[in-house]
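>>> Sequence and predicted model, in that order:
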Amino acid sequence: MRHMREAGAGVTGADVTNAGITDAGDTSPGVTAPGLTSPGIPGGAPGEEGTASAELARRLAAFRGAERMLTGNASLETVRERLEGLVAEAPAVYDLDNRPDFYGDDDSIVGELERRTADTLGTEAAAFFPSGTMAQQVALRCWAGRTGNATVAGHPLSHLEMHERDAYAVVSGLRMVHPTDAPRLPTAAEVSGLAEPFGALALELPLRDAGFVLPSWDELTAVVAAARERDAVVHFDGARLWECGPHFGRTLPEIAALADSVYVSFYKTLGGISGAALAGSEDFIEEARTWQHRYGGRQFQQWPAALAALIGLDRELPRLPEYVAQAEIVARALGEGLAAAGVPWFRVHPEVPHTHQFQVWLPHPPALLDEAVVRQAEKAGTALFQRWFEPAPGGPPGVALTEVTVAASALGWTADEVRAAVREFVEFVGRVGG
């Protein structure tokens with residue numbers, strides 16, 4: 001098999017919550033989590049809770065004991081470690097002697113986070129939500145009422161379609177049309193050419209399940225203009241919008257200004273505990289708060305999540321350009337290392353990452369690759385990858401993918417060290433498979 005460099009249609013992302021050993025938070029019904037798919041390779045098949053529990057404990061021990069980790073992971077921390085970290089970092093962002101929040105009142109830590117988020121994005125207002133799924137549903141429900149059109153134009157690989165269990169239809173009574181099914185954001189021509197009216201265009205930036213891909217700035221502005229010409233509003237699913245600035249060469253306020261509403265996540269990229277924000281005009285956010293209450297999102301207290309989000313804005317947001325630059329080095333070195341190790345087929349996608357996250361594909365069962373990951377961590381003290389997964393039905397057969405997130409733990413890695421670690425990983429793959 002030859003080295004393949006282009007991603008094909010139908011490529012989907014991974015269920016990255018399996019076993020709690022990854023750092024994103026979406027689940028995909030189209031992705032099969034690894035189990036006992038190969039003789040002698042532990043993985044935790046459905047119904048074998050004892051085996052799965054033992055394997056999880058082994059993975060945790062291996063990762064926590066590793067001397068080096070390419071992809072960092074907050075889920076490896078204990079509750080005590082997480083609490084100690086919040087207390088240690090809090091003085092830089094918020095006075096812990098203030099009272100906690102009650103139902104998200106404005107004069108509280110939640111109100112402070114909302115103001116800080118609106119300022120960061122350059123919007124008039126923002127509202128804190130317990131989850132991104134709720135924030136998206138509320139945004140699109142509000143726009144359907146305002147435009148009088150319950151049809152949303154979106155991508156079949158978007159979070160709305162892949163990770164929210166059809167909530168837009170089942171809960172909010174909306175329907176989805178697709179300008180394209182190619183593994184990229186739609187073009188202006190595709191938006192203009194949709195055969196029926198739509199009230200809102202939802203764009204996921206970056207499109208995670210296609211490989212964290214982004215359009216160019218000119219392409220994005222053209223798509224937004226095409227939607228406006230169709231009398232539609234524009235909503236950004238910006239769960240990972242924070243890291244898009246380097247690719248576009250624009251500030252966050254410039255990016256957010258293109259949309260009528262923007263959703264951002266506080267645990268993706270920023271390393272928060274949970275939670276999201278919906279940002280837009282003051283009147284839109286006021287309406288969104290009403291629907292937030294109706295959807296069950298008016299929580300009694302949310303100060304731990306709000307505190308972690310403020311720390312993420314203060315600590316992680318300024319470092320994202322550095323992460324994106326390092327991701328280019330890591331992705332190139334991974335490809336060079338795999339080629340030098342004689343791997344007959346692999347894919348690093350995008351070849352030059354658009355953000356600090358990208359995919360790696362290899363021609364082996366996920367369970368085999370997972371075992372190689374654990375053995376490398378146990379025996380060599382190096383945790384190079386996280387979980388591996390099968391693509392969704394219709395994807396390339398006989399391959400597995402993983403998502404690489406380049407953050408603080410990867411900054412100390414040189415290209416030579418990445419290449420050496422990859423060659424070592426391929427050796428472990430051979431030992432497991434042999």
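Okay, I see it.

>>> State the pLDDT value of Ala33.
According to the prediction, Ala33 has pLDDT 32.

>>> what's the answer for Pro396, then?
With respect to pLDDT, Pro396 has a value of 76.

>>> secondary structure class for it?
Under the three-state scheme (DSSP: H, G, I helix; E, B strand; the rest coil), Pro396 adopts coil.

>>> and stretch 326-339, average pLDDT?
Here stretch 326-339 scores 98 as its mean pLDDT.

>>> meant to ask about stretch 55-72, not that
91.

>>> How about stretch 94-111?
On average, stretch 94-111 scores 93.

>>> Could I have the CA atoms of it written out in CSV?
Output in CSV follows, covering the C-alpha atoms of stretch 94-111 (Å, rounded to 0.1, in the frame of the first residue of the first chain):
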residue,chain,number,x,y,z
TYR,A,94,-10.6,35.6,40.5
ASP,A,95,-10.9,36.4,44.2
LEU,A,96,-12.0,33.2,46.0
ASP,A,97,-13.3,35.3,49.0
ASN,A,98,-16.2,36.4,46.8
ARG,A,99,-19.5,34.6,47.3
PRO,A,100,-20.4,31.8,44.9
ASP,A,101,-22.9,32.2,42.1
PHE,A,102,-26.6,31.5,42.4
TYR,A,103,-28.5,30.6,39.2
GLY,A,104,-25.9,32.4,37.2
ASP,A,105,-26.5,35.8,38.7
ASP,A,106,-24.7,38.7,37.1
ASP,A,107,-22.8,39.8,40.2
SER,A,108,-20.9,36.5,40.6
ILE,A,109,-18.1,34.5,39.1
VAL,A,110,-20.4,33.3,36.3
GLY,A,111,-21.2,36.9,35.4
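
>>> what does the one helix or strand Thr133 maps to rub up against?
In the assignment (DSSP states H and E), Thr133 maps to helix 132-147. Helix 132-147 has contacts (CB atoms under 8 Å, 6 or more residues apart in numbering) with 127, 129, 150, 152, 159-160, 163-164, 167-168, 171-174, 199-200, 202, 231-233, 235, 237, 239, 260-261, 263, 265, 276-278, 280, 284, 287-288, 291-292, 295-297. The C-beta positions use only the backbone N, C-alpha and C, and glycine is treated the same way.

>>> and that helix, which residues are buried?
Neighbour-count burial for helix 132-147 flags 132-144, 147 (criterion: 16 or more other CB atoms under 10 Å).

>>> how about it as CSV, C-alpha atoms only?
Listed next in CSV are the C-alpha coordinates belonging to helix 132-147 (Å, rounded to 0.1, in the frame of the first residue of the first chain):
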residue,chain,number,x,y,z
GLY,A,132,-22.3,23.1,24.2
THR,A,133,-25.1,20.9,22.9
MET,A,134,-27.6,23.0,24.9
ALA,A,135,-26.0,26.2,23.7
GLN,A,136,-26.3,25.1,20.1
GLN,A,137,-29.9,24.0,20.4
VAL,A,138,-30.9,27.2,22.1
ALA,A,139,-29.1,29.3,19.4
LEU,A,140,-30.7,27.5,16.5
ARG,A,141,-34.2,27.5,18.2
CYS,A,142,-34.0,31.2,18.7
TRP,A,143,-33.0,31.8,15.1
ALA,A,144,-35.8,29.6,13.8
GLY,A,145,-38.3,31.8,15.7
ARG,A,146,-36.7,35.0,14.5
THR,A,147,-36.4,34.0,10.8
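
>>> Which parts of the stretch 301-434 of the chain are helices?
303-315, 320-340, 366-375, 415-433 (DSSP state H, counting those that start in this stretch).

>>> okay if I get those helices as CSV plus distance to Leu194 and mean neighbour count?
As requested, the helices of the stretch 301-434 of the chain are exported to CSV (distance: least, CB to CB, whole Å; neighbours: other CB atoms under 10 Å):
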stretch, distance to Leu194, mean neighbour count
helix 303-315, 36, 22
helix 320-340, 32, 19
helix 366-375, 37, 24
helix 415-433, 43, 18
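
>>> circling back to that earlier point, show the buried residues in the contacts of helix 132-147.
127, 129, 150, 152, 159-160, 163-164, 167-168, 172, 174, 199-200, 202, 232-233, 235, 237, 239, 260-261, 263, 265, 276-278, 280, 284, 287-288, 291-292, 295, 297.

>>> In strands, which of those residues fall?
Members of the buried ones among the contacts of helix 132-147 lying in strands (criterion: DSSP state E): 127, 129, 152, 200, 202, 233, 235, 237, 261, 263, 265, 276-278, 280.

>>> Out of those residues, which comes closest to Leu313?
Within those, the smallest distance to Leu313 is 10.4 Å, found for Ala277 (CB to CB).

>>> just to revisit the earlier point, TSV please, covering the buried residues of helix 132-147 and showing pLDDT.
Shown next, in TSV, are the buried residues of helix 132-147 (pLDDT from 0 to 100):
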residue	pLDDT
Gly132	96
Thr133	95
Met134	96
Ala135	97
Gln136	96
Gln137	95
Val138	97
Ala139	98
Leu140	98
Arg141	97
Cys142	98
Trp143	98
Ala144	98
Thr147	98
